[in-house]
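A.B. asks: just coords:
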C-alpha cells in the first residue's frame, strides 16, 4: 500500500466542522461551504530524540485534515491529525 502524498480537497458545510474546531476560530466559508483538505502520507525514519532508532517503529501512515479559518480576523489554517498508527511489518 503506497500512501505517498495523496492530497484531496472537498467542500463541506461549515456548520459540520464547528464541533471539531476550537470556538476561538472562525471557519472560512463561501456560500456556507468550507474547504476540507486531507493529506495522506507515510512518515519514514522517525524517532524521538534521545532514544535509539527502531526500524519497526519508524515508518507509519498518517492522515492530516485541515480547513481554512480566521483567528483575530487573520487568515490561517486549522490542522488536525486524524489517524496515526504504527503497524510493524514482520516477514
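C.D. replies: Okay, I see it. Here the structure is a predicted model, which is why all the values come from computation and not from measurement.

A.B. asks: residue contacts, residue 7?
C.D. replies: By Cβ atoms under 8 Å, 6 or more residues apart in numbering, the contact set of residue 7 is 37-40. (C-beta placed from N, C-alpha, C; glycine too.)

A.B. asks: how close does it get to residue 76?
C.D. replies: The gap separating residue 7 from residue 76 is 19 Å, by Cβ to Cβ, to the nearest Å.

A.B. asks: my guess is residue 54 contacts residue 48, does it?
C.D. replies: No - judged on Cβ atoms under 8 Å, residue 54 makes no contact with residue 48 at a distance of 9.9 Å.

A.B. asks: tell me the centre residue of this structure?
C.D. replies: Nearest residue to the geometric centre of the chain (Cα atoms, centre = their mean): residue 64, 1.4 Å.

A.B. asks: check what pLDDT that one gets.
C.D. replies: As predicted, residue 64 sits at a pLDDT of 84.

A.B. asks: find the nearest non-adjacent residue to it, please.
C.D. replies: residue 39 (4.7 Å; Cβ to Cβ, 6 or more residues apart in numbering).
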